[in-house]
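J.: need a structure here:
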Amino acid sequence: MGISDDIKNKADEFGGKAKEAAGDVTDNKELKAEGKGDQAESKIKQGIEDLKDKASEFLNKDK
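T.: A predicted model of the protein is given here:
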């Protein structure tokens, strides 16, 4: 995974946490849910990138 992908995923996760906290403070359930969704999406993207890296390492280990 590129460093830029990692930074973007972490920024998205942080943004999701901020939305969730803002929704919690303002008692806005939709904003809180959106924040949780953003965090989940970021973690899924991170997992996919990690799988790509592992697959690439496995396929290139004998080269």
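
J.: Please make it C-alpha for all contacts and neighbour counts, starting now.
T.: OK.

J.: Please, where are all the helices along this protein?
T.: 3-26, 29-60 (DSSP state H).

J.: so what does the first one touch, helix or strand wise?
T.: In terms of contacts (3 or more Cα pairs under 8 Å, 6 or more residues apart in numbering; DSSP states H and E), helix 3-26 is packed against helix 29-60.

J.: Check which residues of the helix it packs on are buried.
T.: 31-39, 41-43, 46, 49 (16 or more other Cα atoms under 10 Å).

J.: Now D6: closest residue in space that isn't a chain neighbour?
T.: Spatially, and ignoring its direct neighbours in sequence, D6 is nearest to Q46 (7.3 Å; Cα to Cα, 6 or more residues apart in numbering).

J.: The one you found against N9, yeah?
T.: Yes: using Cα atoms under 8 Å, Q46 is in contact with N9, at 6.5 Å.

J.: surely D12 meets Q39?
T.: Yes: with contact defined as Cα under 8 Å, D12 reaches Q39; the gap is 6.9 Å.

J.: Which residue lies nearest the spatial centre of the chain?
T.: S42 (1.7 Å; Cα atoms, centre = their mean).

J.: Do I have it right that E30 meets G23?
T.: Yes: taking contacts as Cα under 8 Å, E30 lies within contact range of G23: 7.3 Å.

J.: if we can go back for a sec, contacts only, for the residue nearest to the centre of the chain.
T.: N9, K10, D12, E13 (Cα atoms under 8 Å, 6 or more residues apart in numbering).

J.: Dump these into a markdown table; add distance to A55, pLDDT and neighbour count as well.
T.: Output for the contacts of S42, formatted as a markdown table (distance: Cα to Cα, whole Å; pLDDT from 0 to 100; neighbours: other Cα atoms under 10 Å):
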| residue | distance to A55 | pLDDT | neighbour count |
| --- | --- | --- | --- |
| N9 | 20 | 90 | 20 |
| K10 | 22 | 91 | 16 |
| D12 | 24 | 94 | 19 |
| E13 | 24 | 95 | 21 |
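
J.: So which of those is the closest to S56?
T.: Taking Cα to Cα as the measure, S56 lies nearest N9 of the contacts of S42, at 19.9 Å.
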